[in-house]
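Enquirer: Predicted coordinates and the sequence they were generated for:
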Amino acid sequence: MLTEVGANFFITLSGEYWFGNTLEPRQHEGVARGMAIEFRRPMVRVTDTGLSTVILANGSLIAVSPLWAPWQETLEVPFLKSPPRTLFDLYGHFLPWILSLILLMLIGLNH
């Protein structure tokens, strides 16, 4: 992951024109917000027609663009110079295996 090499913040670029007028841009914004929280890094999310956002490391939104409208803003995004790695960052890729093991153990206990 980029945090291993010292990423202080994330930038995502997304082409969302093909979603049309659906809830998908809001879902993508929610996923981006979750990623900012999981890794405790701010995120600048830039889209062509969707929701461009600036998300702080705690998930708070500094700014959100309107859908399907030109938008620009100059913002100051605070970030840590050397942020610590989170538990999710260090061990999150093991989570599916851990949950699968717990599920198998529970199934085994019920038989």
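Expert: That came through, no problem.
Enquirer: okay, CA-based contacts and neighbour counts for the rest of this
Expert: OK.
Enquirer: Please report how far residue 35 lies from residue 53.
Expert: 13 Å (CA to CA, to the nearest Å).
Enquirer: Could you check which of the two is surrounded by more residues?
Expert: residue 53 (21 against 18; other CA atoms under 10 Å).
Enquirer: Pull the contacting residues for that one.
Expert: Residue 53 sits next to 29, 43, 44, 45, 46, 61, 62, 63, 64, 65 when contact means CA atoms under 8 Å, 6 or more residues apart in numbering.
Enquirer: Let me see the ranges of the strands in the chain.
Expert: 10-14, 43-47, 53-55, 61-64 (DSSP state E).
Enquirer: List the residues that contact the most centrally placed residue in the chain.
Expert: Centroid-nearest residue in the chain: residue 35, 2.3 Å away (criterion: CA atoms, centre = their mean). Residue 35 makes no contacts at all, as judged by CA under 8 Å, 6+ apart.
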